[in-house]
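Chemist: One predicted model, sequence on top.
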Amino acid sequence: MCGLCGALGGDNHWSTHIEDPEQAHHERRRARAYRARLINRVLGPQRLAIEDFQASSFVLATATGKREIVEDLGGVWRQAEQLSGRELDPLDAAFLASLG
Amino acid sequence: MSDTTALLPVHVISGFLGSGKTTLLKSVLDSEAFGDSAVLINEFGDVGLDDRLLGEIAEDAVLLASGCVCCTIRGELSDALRRLLSQRQNGEIPAFQRIVLETTGLADPGPIASTITADPVLRHHLRPGTNLTLVDAVNAIDSRQHHPVWEAQVAVADKLVISKTDLVDTARIERVHDLLNAINPAAQRLGREALDQPSDTLFASGPHLERFTRARVKTWLGPWREPAGPETHGHLGDVHSFRLAFDGELDWTCFGLWLSMLLNRHGNDIMRVKGVLHVRDDHRPVVLHGVQHTIHPPEHVEAWPDDDRRSELIFITRGITARRVADSLVAFMSAVSDHPCPRISHA
């Protein structure tokens, strides 16, 4: 599964692969909501946010209202970098400090 | 979770120029154990030497003529694999049970896995198999110094075979072992018999090949999981291999965000990551395995092998130290997760 192009909320991204496909619908929704909430914690300092879009993809939005649909985790980070004009580098001390 | 065991594996034989890849491939194809294999050969340059050698033993071998198996010919690799599958389905060739791909000696085999898993057709029929890398005992030290791709070939290996050991003395072989330990100590080391008489277990490795049993958890991470393992942190020039150990449950969702961000920005320098994880609210261990940008579908193991439930992650990187990775993960999880960050140590 490609770390750059797997589907964020679907079955194809490696990060969702260990979730039990038999688990209850509400549990999957809860897991998806938790994932989105954590992504927003990361993107918030960049003045970006994502919203769930019909439980199939996400909408990434800037504070000025620009919106892009993204379907995978790689897409989130790449698109967020483009919209913010900054690298989202987890090895960068300044980026980590921005998380609070 | 999809059943990856129903997919046909694509095994990769890698190794620098002259390391004996074609010799091994001939032995493999001569073996009854591998009679139901399809072969892909990645040719480089104008002189089809390997083609001539293999033409004697595998008439239906497919040659990839454009050069390195890497990003530049991913399309051709995908096309060749699709053709093989189509021919198999139409009964034009025997129903092979595996594909063996021999790369050119100048290829970084890392992108092969992502070629398979990113292709919308191939990923429903094929899965990345075992990466087997040959290391030439005569030239290994020189090759490593002058050709960075040599390190990449060693780093992605599930199994390492040292060839031409009969041409060097014991001290040289020890130096080569030390070199390999510094780069990829977790890879299984095979002896010369693997070249002469490859057994049906030659490609039997990797979490993507079979469901893990308890016993395999203990061996898969190599000597690091053993009580009396060797030095756990290798550092060779720009290449770092190290282990992170986690004391406590891991928030899988948060970890997934962190790792996907790390790969998004540094995937080319994360040559290898593999590990066994104790995931929060999950009583079964999770096995993780990735090469560069590609993370294979994580697998559940049926149960922990013993009372030791610490998570372990092994990294092989280019230019990224253990401390940077560990500090990053701790800072990220502490800031982002709803749950306490496990205590993370590195060695």
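Modeler: On my side now, so go ahead.
Chemist: Pull the residues that contact the helix or strand residue B:26 falls within.
Modeler: Applying DSSP states H and E as the criterion places residue B:26 in helix B:21-30. For helix B:21-30, the surrounding residues in contact (C-beta atoms under 8 Å, 6 or more residues apart in numbering or on different chains) are B:13-15, B:34, B:37, B:39, B:41, B:50, B:53-54, B:57-58, B:100, B:102-103, B:105, B:132, B:134, B:161, B:163, B:194-198, B:202. Bear in mind the C-beta positions are built from the backbone N, C-alpha and C, glycine included.
Chemist: Need the CA coordinates for that helix. CSV is fine.
Modeler: Only the C-alpha atoms of helix B:21-30 are listed here, as CSV (Å, rounded to 0.1, in the frame of the first residue of the first chain):
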residue,chain,number,x,y,z
LYS,B,21,22.0,-12.8,-9.7
THR,B,22,21.7,-14.6,-13.0
THR,B,23,23.5,-17.6,-11.6
LEU,B,24,21.1,-17.7,-8.7
LEU,B,25,18.1,-17.3,-11.1
LYS,B,26,19.4,-20.2,-13.2
SER,B,27,19.6,-22.4,-10.1
VAL,B,28,16.1,-21.3,-9.0
LEU,B,29,14.7,-22.2,-12.4
ASP,B,30,16.5,-25.5,-12.5
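Chemist: For residue B:199, list the residues it contacts.
Modeler: Residue B:199 touches B:31, B:33, counting by C-beta under 8 Å, 6+ apart.
Chemist: do the same with residue B:318
Modeler: Counting by C-beta under 8 Å, 6+ apart, residue B:318 touches B:151, B:238-240, B:268-269, B:271.
Chemist: Give me the spatial nearest neighbour of it, chain neighbours excluded.
Modeler: Leaving aside its sequence neighbours, residue B:318 sits nearest to residue B:269 (C-beta to C-beta, 6 or more residues apart in numbering or on different chains; 4.4 Å).
Chemist: shouldn't that neighbour be in contact with residue B:319?
Modeler: Yes: counting by C-beta atoms under 8 Å, residue B:319 is a contact partner of residue B:269 at 5.8 Å.
Chemist: Name the residue in these two with the higher neighbour count.
Modeler: Between residue B:269 and residue B:319, counted using other C-beta atoms under 10 Å in any protein chain shown, the more crowded position is residue B:269 (18 against 11).
Chemist: Give the buried residues for stretch A:25-42.
Modeler: By 16 or more other C-beta atoms under 10 Å in any protein chain shown, the buried positions in stretch A:25-42 come out as A:28, A:31-32, A:35-36, A:38-39, A:41-42.
Chemist: which intervals of chain B have sub-threshold pLDDT?
Modeler: Within chain B, the ranges that satisfy pLDDT under 70 run B:1-5, B:43-75, B:205-236, B:347.
Chemist: quick one, longest strand in it?
Modeler: When every strand of chain B is counted residue by residue (DSSP state E), the longest turns out to be strand B:126-136.
Chemist: Alpha carbons only: can I get that strand in CSV?
Modeler: Extracted in CSV, the C-alpha atoms of strand B:126-136 (Å, rounded to 0.1, in the frame of the first residue of the first chain):
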residue,chain,number,x,y,z
LEU,B,126,-0.1,-9.5,-7.1
ARG,B,127,1.6,-8.6,-3.9
PRO,B,128,5.2,-7.7,-3.2
GLY,B,129,7.2,-10.8,-2.3
THR,B,130,10.6,-11.3,-0.8
ASN,B,131,13.5,-9.0,-1.6
LEU,B,132,16.6,-11.2,-1.9
THR,B,133,19.9,-9.4,-2.4
LEU,B,134,23.2,-10.9,-3.4
VAL,B,135,26.3,-9.4,-2.0
ASP,B,136,29.6,-10.1,-3.8
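Chemist: My read is that residue B:94 contacts residue B:36, right?
Modeler: Yes: between residue B:94 and residue B:36 there is a contact at 6.7 Å, judged by C-beta under 8 Å.
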